[in-house]
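Trainee: A predicted structure for the sequence below; I have some questions about it.
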Amino acid sequence: MILQALYEFYQRKANDPESNIAPEGFQEQEIKFVIVINENGQFDDLNDMRDEKGKGKLYLLPKARNRSGKNAWMTAFLLWDHYGYVLCHPKEKDEESIKMAKNQYKTFIDQINNLPPSIKEDKGINAILRFYEQGKADEVKKHPRWQDCAKIPGCNLTFRLTGETQLIPEREVVVQFQKLLLSQPENTNENTENIGRCLITGEREFIARLHTPTFIQGGKSSARLVAFQKSSGYDSYGKEQGFNAPISVRAESAYTTALKHLLASKTNKQTISDATIIFWAEKRIDEKTFNLENNFAWYIADKTDDPDLGV
């Protein structure tokens with residue numbers, strides 16, 4: 001029921017021209033450092049995008065792909081990711097972490113190399129390819145600001161061309177390519193056996209094996225609203241993980257985007273002690289009348305005890 005409500009909330013917001021919810025296949029992502037390169041792939045600068053509170057800048061980027069377990073390194077995000085994937089920087093100095101970073105780095109580069117030729121002709125994508133072909137990743141680590149990035153666990157990075165304000169993963173050619181991916185299963189190794197009846201839409205579509213993590217205060221950053229562990233007693237009829245509760249790739253994208261949007265909202269969320277409360281309306285509210293969806297937080301706000309309040 002809650003998934004259906006979140007899905008319907010996303011559909012309402014997505015069709016509202018005044019809404020700022022992320023379009024299907026994309027997410028607002030905090031980026032703290034940007035690698036600046038020229039069209040020949042030469043490294044020019046490492047920009048620190050953090051504000052005075054240490055928060056990075058939000059960008060609308062291709063949605064993070066689901067990954068977990070020992071083979072998580074086999075999945076990279078499109079043109080952005082943490083320093084292990086982008087720069088082969090291990091999270092620790094032990095041998096296992098170094099090996100993991102090398103695997104992540106290779107996956108990230110292979111994904112870019114495997115993009116369609118028409119995509120790789122874009123000057124931004126081509127510049128990233130040249131950056132890696134020329135082994136310029138090590139130059140980034142020599143920059144004075146690199147240590148600031150390296151100190152941040154899982155520091156996310158991406159690329160921008162010299163003289164431009166738009167990130168390379170924001171370029172139109174990338175946006176159009178990301179939209180094409182929505183009609184495909186989340187893993188190219190998955191086949192038509194993973195097409196099923198979606199519990200949310202009722203349509204036969206590709207089923208999401210893993211659902212997107214949605215961080216809630218007090219929980220783990222990798223926590224998911226819908227998740228099943230392998231071989232943990234939840235498997236049935238030979239089905240594993242998300243296939244136990246079939247939600248289509250599109251519906252999963254919609255409900256998780258809606259949940260993240262609500263959790264980041266200043267009007268649709270209220271935190272009381274260690275509890276996070278989110279709320280929304282079933283349908284669009286007439287703006288000419290009192291907008292309860294935007295003002296409901298007032299009713300449950302944590303106010304200072306005042307016996308005369310409302311008198």
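Mentor: Cool, the structure landed.
Trainee: give the rounded mean pLDDT of stretch 181-191.
Mentor: On average, the pLDDT along stretch 181-191 is 54.
Trainee: let me see the mean pLDDT of the helix or strand where His261 lies.
Mentor: Using DSSP states H and E, His261 sits in helix 249-264. Averaging pLDDT along helix 249-264 yields 90.
Trainee: buried stuff in it?
Mentor: Buried positions in helix 249-264, judged by neighbour count with 16 or more other Cβ atoms under 10 Å: 249-262. Any C-beta I mention is one placed from the backbone N, CA and C, and that applies to glycine too.
Trainee: again, but for stretch 8-22
Mentor: Neighbour-count burial for stretch 8-22 [16+ other Cβ under 10 Å]: Glu8, Phe9, Tyr10, Arg12, Lys13, Ile21, Ala22.
Trainee: so which of the residues you listed sit within helices?
Mentor: The helices, defined by DSSP state H, take in Glu8, Phe9, Tyr10, Arg12, Lys13 from these.
Trainee: as a markdown table, those residues with pLDDT and distance to Thr162 would be great.
Mentor: A markdown table is the format used below for those (pLDDT from 0 to 100; distance: Cβ to Cβ, whole Å):
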| residue | pLDDT | distance to Thr162 |
| --- | --- | --- |
| Glu8 | 94 | 44 |
| Phe9 | 92 | 41 |
| Tyr10 | 93 | 37 |
| Arg12 | 90 | 41 |
| Lys13 | 89 | 36 |
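Trainee: would you mind giving those residues as a markdown table with distance to Met49 added?
Mentor: Converted to a markdown table, these look like this (distance: Cβ to Cβ, whole Å):
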| residue | distance to Met49 |
| --- | --- |
| Glu8 | 34 |
| Phe9 | 30 |
| Tyr10 | 28 |
| Arg12 | 32 |
| Lys13 | 26 |
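Trainee: which ones are touching Phe108?
Mentor: Contact analysis of Phe108 by Cβ atoms under 8 Å, 6 or more residues apart in numbering lists Ala76, Asp81, Tyr85, Val86.
Trainee: can you tell me the closest non-neighbouring residue to the third one?
Mentor: In this case it means Tyr85. Using Cβ to Cβ, 6 or more residues apart in numbering and skipping the chain neighbours, the partner closest in space to Tyr85 is Phe108 (4.0 Å).
Trainee: the second one too?
Mentor: Counting by Cβ to Cβ, 6+ apart, Phe108 is the residue found nearest to Asp81 once chain neighbours are left out, at 6.0 Å.
Trainee: next SSE after the strand or helix carrying that neighbour?
Mentor: Using DSSP H and E, the element containing Phe108 is helix 95-113. Remark: after helix 95-113, the chain's next helix or strand is helix 117-120, criterion DSSP H and E.
Trainee: helices or strands next to the following helix or strand past that next one in the packing?
Mentor: Counting by DSSP H and E, the next helix or strand C-terminal to helix 117-120 is helix 123-133. Helices and strands touching helix 123-133, by 3 or more Cβ pairs under 8 Å, 6 or more residues apart in numbering; DSSP states H and E, are strand 33-37, helix 95-113, helix 117-120, strand 156-161, helix 172-181.
Trainee: list the buried residues of helix 123-133.
Mentor: For helix 123-133, the neighbour count (16+ other Cβ under 10 Å) marks Gly124, Ile125, Asn126, Ala127, Ile128, Leu129, Arg130, Phe131, Tyr132 as buried.
Trainee: quick one: distance of stretch 47-54 to the chain centre.
Mentor: In terms of Cα atoms, centre = their mean, to the nearest Å, the gap separating the centre of stretch 47-54 from the centre of its chain is 20 Å.
Trainee: now that stretch: average pLDDT?
Mentor: Mean predicted confidence for stretch 47-54 is 95.
Trainee: residues of that stretch that come out buried?
Mentor: Residues of stretch 47-54 classed as buried by neighbour count (16+ other Cβ under 10 Å): Asn47, Met49, Arg50.
Trainee: next one: stretch 161-170
Mentor: For stretch 161-170, using 16+ other Cβ under 10 Å, the buried residues are Leu161, Leu167, Ile168, Pro169, Glu170.
Trainee: redo the residues you listed as a markdown table? Include distance to Ile207, secondary structure and pLDDT.
Mentor: Shown next, in a markdown table, are the buried residues of stretch 161-170 (distance: Cβ to Cβ, whole Å; DSSP: H, G, I helix; E, B strand; the rest coil; pLDDT from 0 to 100):
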| residue | distance to Ile207 | secondary structure | pLDDT |
| --- | --- | --- | --- |
| Leu161 | 38 | strand | 98 |
| Leu167 | 31 | strand | 98 |
| Ile168 | 32 | helix | 98 |
| Pro169 | 27 | helix | 97 |
| Glu170 | 30 | helix | 97 |
